[in-house]
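Q: any chance you could fold what I've pasted below:
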Amino acid sequence: MNIKSLYVTFFMVLCTPVLATAKPVLTVYTYDSFASEWGPGPSIEKSFEEHCGCDLQFIALDSSIGILGRVQLEGENSRADIVLGLDTNLMTTARQTGLFAPHGTSLKGRTSLPVTFEDDVFVPFDWGHFAFVYDSTKLSTVPTSLANLLSAPDDLRIIIQDPRTATPGLGLLLWIKSVYGDRAPEVWAALRPKIVTVTKGWWDSYSMFLEGEADMVLSYSTSPAYHIITDGTDRYKAASFTEGHYMQIEVAGMLKGASEPELAKKFMNFILEEGFQTAIPMRNWMYPAGRVALPDGFETLIKPEKSLLFTPDEVAANKASWVDEWQTALTP
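A: So this is what the prediction gives:
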């Protein structure tokens, strides 16, 4: 390179605009269906990025239980700023890790939950009731209570999930425990002949049900909305049980070690805003925790008269022994 070329190159470098600083990245651990292309993740990402000046990145894990396990394993070195997808059954365990920070946002008057929810660490983002879903074109005699389910002929085939690995499975365990208390082991023993299989996750169960391998599947009271709105059919329904239905409230929390703490706080506040909440009903097929309108189809769903829910502390204190009861009762 001659002297003239060197001067030209030096001048061009001096005159070249400084590259824009890279956008800050907000990393959110969540479960895989939330982050999938058909889940609420992409819509929420777009909405938040429109005003945050950041890059929102979801990291998909296999379940809410898996999310908490990942954070516990990583500890203070976790990549996550936000953990989204835990529920009230895991809140105490999550809090006891000491890894979560106060969210600093107000929940007062911003939620539409059927129960009171106040917490300085976790923000609710959706909720629903566990229920047994059936095909109304195939099942003529539908149980109207847990008692009916127990007394039904053993040729009634049901599929449930493992409470150690799947949120609905844990929900059913707590549902039966809340209704039957110390009688739970005999209830599980009565259900055992009707259980086709116990799957690791929800989708394994639900897909088997849709393929006709069971009469009923443990799912959510909102599951029929998917078929009504997306498939245009009302053949799939949730059975309404007179004892009440166990609730699930899903929550998010920010980590103390968040690399973008201020951005994380903005996201925690954003959770109950319209840009997040409107993506929930038709993307996560649950009820939004915030105050937004529901799409047509949700008005046809069952409305349990009683919502059953243990406190997070009760679940943390008893979960291990209740799971042992379940495992013992279902072991041939």
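
Q: CA atoms for contacts and neighbours, from now on please.
A: OK.

Q: where does pLDDT dip in this structure?
A: 1-21 (pLDDT under 70).

Q: now the strands: where do they sit in it?
A: 25-31, 55-61, 82-87, 100-101, 122-135, 158-161, 195-199, 216-220, 236-238, 245-255, 287-288, 307-308 (DSSP state E).

Q: now do the last one: everything it contacts.
A: I take that to be strand 307-308. With CA atoms under 8 Å, 6 or more residues apart in numbering as the test, strand 307-308 has contacts from Pro114, His129, Trp175, Ser178, Gly244, His245, Tyr246, Met247.

Q: and the lengthiest helix in the chain, what's buried?
A: Determined from DSSP state H, the single longest helix within the chain is helix 312-330. When neighbours are counted by 16 or more other CA atoms under 10 Å, the buried residues of helix 312-330 are found to be Val315, Ala316, Lys319, Trp322, Val323, Glu325, Trp326, Gln327, Ala329, Leu330.

Q: out of the contacts of strand 307-308, who has the most neighbours?
A: His245 (29 neighbours; other CA atoms under 10 Å).

Q: where's Ile82 relative to Thr144, distance?
A: Here Ile82 is placed at a distance of 40 Å from Thr144 (CA to CA, to the nearest Å).

Q: so for these two, which sits in the more crowded spot?
A: Ile82 (27 against 13).

Q: thought the more buried one was touching Val251?
A: No: the pair Ile82 / Val251 is not scored as a contact, 10.7 Å apart, by CA atoms under 8 Å.

Q: got a list of what Val196 touches?
A: Taking CA under 8 Å, 6+ apart as the test, what Val196 contacts is Arg157, Ile158, Ile159, Ala214.

Q: the first one: what's it in contact with?
A: Okay, so that is Arg157. Lys194, Ile195, Val196, Ala214, Asp215, Met216.

Q: 6 Å instead?
A: Lys194, Ile195, Val196, Ala214, Asp215 (CA atoms under 6 Å, 6 or more residues apart in numbering).

Q: next one: stretch 310-327 to chain centre, how far?
A: 19 Å (CA atoms, centre = their mean, to the nearest Å).

Q: please save the CA atoms from that stretch in PDB.
A: Taking C-alpha atoms only, stretch 310-327 is exported to PDB below (Å, rounded to 0.1, in the frame of the first residue of the first chain):
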ATOM      1  CA  PHE A 310     -53.400 -25.000  48.500                       C
ATOM      2  CA  THR A 311     -51.000 -22.200  49.600                       C
ATOM      3  CA  PRO A 312     -47.500 -22.400  48.200                       C
ATOM      4  CA  ASP A 313     -46.200 -23.100  51.700                       C
ATOM      5  CA  GLU A 314     -48.600 -26.100  52.100                       C
ATOM      6  CA  VAL A 315     -47.500 -27.600  48.800                       C
ATOM      7  CA  ALA A 316     -43.800 -27.100  49.600                       C
ATOM      8  CA  ALA A 317     -44.200 -28.800  53.000                       C
ATOM      9  CA  ASN A 318     -46.200 -31.800  51.800                       C
ATOM     10  CA  LYS A 319     -45.500 -32.400  48.100                       C
ATOM     11  CA  ALA A 320     -42.800 -35.100  48.700                       C
ATOM     12  CA  SER A 321     -45.000 -37.200  51.000                       C
ATOM     13  CA  TRP A 322     -48.000 -36.800  48.800                       C
ATOM     14  CA  VAL A 323     -46.100 -37.900  45.700                       C
ATOM     15  CA  ASP A 324     -44.900 -40.900  47.700                       C
ATOM     16  CA  GLU A 325     -48.500 -41.700  48.500                       C
ATOM     17  CA  TRP A 326     -49.400 -41.500  44.800                       C
ATOM     18  CA  GLN A 327     -46.500 -43.600  43.700                       C
END
